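> Fold the following.
(3 chains)
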Amino acid sequence: MSEKYKLTTQDTGKVKEEPVPSYGQTTLQAGTTHEPVLEDLIDLSDSSGGVSENTLNRRRLRQFKENYTKELLRIICEQDFEYGFDSSADLFVRELMEPNEAVTKEWLNAIYIEQFSDIRVVIGLLQVVSHLQYPEIYPQGPTMALAALSHANSEVRECGIRAFENWGTIESLNILRNVKCTESWMQEYLSQVIKDLEKEFGVQ
Amino acid sequence: MSLLVRKIDNAKWMQNDILNNDTFSVEDVSADAITSLKTSGNALSAWQVAEEAIEDAVLAIVSSHQHLDTIDVVCLDPSSLESNRIRLQSTPGSTPLKDIFGQHIDICDLTYRTLGTVAEQIVHILKEGKVLRYTKGNIKKLLYDAINQGRLQKDELDESLRKRL
Amino acid sequence: MFDRIGRYQASFFGNLADLGPSPEVSSNLLMLFKDKNLLPSTFQEISPQTPRPQTRLLLSSQNNEWNLHFATHRLDIEKNATDPKGSNLGTAEEFAEQAHEFFTRILTEFKKKGNRISLITSGLLKEMPQEKLADIYDKLFKQIPFYGDNPPFEWNTRSVARMTLEINGIQESINVITNINRVRGQLMQPDNILEFDRIEIGFDINTIQGNQETRFSVDAIGSFFSGANEIRNQILKDVEVFLDV
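Below is the predicted model:
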């Protein structure tokens, strides 16, 4: 939740580094429904020590955003992409996936949404996720590809179809069967992909 | 009749409503499409094949890939290029498909004008609906058949491609 | 009364485990909200019921105006400001109506009923002189001598009352939580950041957790929102008079 104001902490008078909701409620408070299900949870400073895994993951995601987003965007904008080959973005993301798949996927999805109106970035991200194996990139990959299918730009929509084609799963087939393209060339492509997948799975 | 087969990025070429605009000319092609041609040493790479052997060229192209991405190819007319004073030169190709090694062609010494000529041919092909799209399924079949026929050795393919087959 | 709205959030509690981030569910929801241009993404759910992080579905508008969090046991619909003044936010009643429409679509499509509903709002009052802020503190607190001698510059009050509200003809127990706080922070402006020191008032009005019976339909949500906003407005009127703000 991004609010248009943020609070200074009570103790130090300094503004916290990370945005926090404007109230310090916890789930332990009676009757409250304001549960921390959102990304930017309150880090309850705890003198008993021990940082939970949840806190670590949140921190990692923030670190990814701070440390890698700019670099990935630069790579995507400057790279020389060619279908059939690994791109610089592919290699960059794969390196980040190795130590922490979960956070990398979440980070990619976050950039995707933030940059949804930047065609180059959206296409670049879709090309990256389409080159990953389905189980590796699930669920964010198909989520991103689904969003692509209704993008205003035809090349983005095509990338969405390409992603589902590359993953080649039965879920991909079920999604693609419900897609309709306005461009005849894309509809032809879609129909062929559906046919290929139906053949692969032995379904009609 | 022989053809020069080359991969293109179809989506880039389709950017400016090329199909629905009767007055569309090469001058209206998007910059992304032109720059997607990616010359190297002022040359563009292509595979020269007979009309009935287009799939050999496609196989030459995809067998050096790392992914089974759908690709689009166009078949350029070598005589038309040469009549526009565009030089074609036989050069060693890079492909695991050994029986097509000698059929690699560089479209050479390209300039602003002659690159435009190539683009013009591509626009013409697009308008005629003659761009050939090879989906992942098509590519897989081509590769499998070539491997089964002994034309291609699986271990000569990129490891990434091998895993996907 | 409010100069800045902080948040609007409506929550529905029920079994939503099947509304995970699968392509089928995402696709279904995208079609359902096609007119709203919502984009699917994911978030990590961490809650007492799901101590291990779970990846769940999030639908957001690109300008972040709307976020729909599909957690395992709750669906949160939040509306955010799209400009520093929050000119898109509207009143709490307008938000409740919009949220109700979203709930209607989802709960009807997926045939869901819930066991709890809530409405959360908060906002900042306009800037006031220090004397007025101190006066408000004096009205709300019977302070201990230390704070009489050293007036605090930040304070919080949280009151939770239990009452009954008729929801679709049935008397339901609800919690009415009101926070009145003196808070300091920064207001994000296009060209600068403004420090502020203001009164914040927040509400969390919800049906009690104790009753886990799956009974709340779409109609119940509408009825609850109506009643909750009435209570909220009543409290705001009381606050306005009592604190003279």
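
> which residues touch residue 126?
By default, I'm working from chain A. Residues in contact with residue A:126, defined by CB atoms under 8 Å, 6 or more residues apart in numbering or on different chains, are A:144, A:145, A:148, A:156, A:159, A:160, A:162, A:163. Heads up, the C-betas are built off the backbone N, CA and C, glycines and all.

> other chain: chain C
By CB under 8 Å, 6+ apart, the contact set of residue C:126 is C:3, C:198.

> Over to it. Which of the three states is it?
Taking DSSP: H, G, I helix; E, B strand; the rest coil as the rule, one finds residue C:126 in the coil state.

> how close does it get to residue C:133?
Residue C:126 sits 12 Å away from residue C:133 when distances are taken as CB to CB, to the nearest Å.

> Taking chain A, what residue is nearest to chain B?
Nearest residue of chain A to chain B: residue A:196, at 2.9 Å (CB to the nearest CB).

> From residue B:141, how far off is that residue?
As it turns out, when the distance is counted by CB to CB, residue A:196 lies 9 Å from residue B:141.

> between these two, who's got more neighbours?
residue A:196 (21 against 15; other CB atoms under 10 Å in any protein chain shown).

> got the contact list for the more buried one?
A:165, B:135, B:136, B:137, B:138.

> Now for the most centrally placed residue in chain A: which residues touch it?
Within chain A, one residue has its C-alpha closest to the average C-alpha position: by CA atoms, centre = their mean, that is residue A:109, at 1.1 Å. The contact partners of residue A:109, taken as CB under 8 Å, 6+ apart, are A:140, A:143, A:144, C:41, C:42.

> Would you tell me which one of the residues you listed comes nearest to residue C:20?
Within the set of these, residue C:42 lies nearest residue C:20; the separation is 9.5 Å, counting by CB to CB.

> what sits opposite the closest one in the beta ladder?
Applying DSSP bridges to residue C:42 yields these beta-bridge partners: residue C:57.

> Does it touch residue C:21 like I think?
Yes: the pair formed by residue C:42 and residue C:21 meets the contact definition of CB atoms under 8 Å, at 5.1 Å.

> List the buried residues in the longest helix that chain A contains.
If you go by DSSP state H, chain A has its longest helix at helix A:53-78. For helix A:53-78, the buried set under the neighbour-count rule, 16 or more other CB atoms under 10 Å in any protein chain shown, comprises A:57-58, A:60-62, A:64-65, A:68-69, A:72-73, A:75-76.

> If you rank the contacts of residue A:196 by neighbours, which is first?
Within the contacts of residue A:196, residue A:165 tops the neighbour count with 26 neighbours, counted by other CB under 10 Å.

> Convert the C-alpha atoms of the helix or strand encompassing residue A:161 to PDB, please.
Secondary structure assignment for residue A:161, by DSSP states H and E: helix A:154-167. Only the C-alpha atoms of helix A:154-167 are listed here, as PDB (Å, rounded to 0.1, in the frame of the first residue of the first chain):
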ATOM      1  CA  SER A 154       0.500  -6.200 -30.600                       C
ATOM      2  CA  GLU A 155       4.200  -7.200 -30.100                       C
ATOM      3  CA  VAL A 156       3.600  -7.500 -26.400                       C
ATOM      4  CA  ARG A 157       0.500  -9.700 -27.000                       C
ATOM      5  CA  GLU A 158       2.600 -11.800 -29.400                       C
ATOM      6  CA  CYS A 159       5.200 -12.200 -26.600                       C
ATOM      7  CA  GLY A 160       2.500 -13.400 -24.300                       C
ATOM      8  CA  ILE A 161       1.500 -16.100 -26.800                       C
ATOM      9  CA  ARG A 162       5.200 -17.000 -27.300                       C
ATOM     10  CA  ALA A 163       5.700 -17.400 -23.600                       C
ATOM     11  CA  PHE A 164       2.800 -19.900 -23.300                       C
ATOM     12  CA  GLU A 165       4.100 -21.600 -26.500                       C
ATOM     13  CA  ASN A 166       7.600 -22.000 -25.000                       C
ATOM     14  CA  TRP A 167       6.300 -23.300 -21.700                       C
END
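
> Give me the helices and strands touching that helix, please.
helix A:119-130, helix A:140-148, helix A:170-176, helix A:184-201, helix B:10-13 (3 or more CB pairs under 8 Å, 6 or more residues apart in numbering or on different chains; DSSP states H and E).

> and the third one, how far out from the chain's middle?
If I follow you right, that is helix A:170-176. 19 Å (CA atoms, centre = their mean, to the nearest Å).

> re the thing from before, so the residue nearest to the centre of chain A: helix, strand or coil?
State at residue A:109, reduced to three classes by three-state DSSP: helix.

> Leaving out sequence neighbours, find the closest residue to the closest residue to chain A within chain B.
Taking CB to the nearest CB, chain A has its nearest neighbour within chain B at residue B:137, 2.9 Å off. Excluding the flanking residues, the one nearest residue B:137 by CB to CB, 6 or more residues apart in numbering or on different chains is residue A:196, at 2.9 Å.

> before we move on, what about residue B:75?
Leaving aside its sequence neighbours, residue B:75 is closest to residue B:3 (4.0 Å, by CB to CB, 6+ apart).

> Shouldn't the one you found be within a strand?
Yes: counting by three-state DSSP, residue B:3 is located in a strand.

> is it in a bridge, and if so with what?
According to DSSP bridges, the partner residues bridging residue B:3 are residue B:49.

> ok, now how distant is the residue nearest to the centre of chain A from residue C:21?
Summarising the geometry, the distance separating residue A:109 from residue C:21, computed by CB to CB, is 10 Å.
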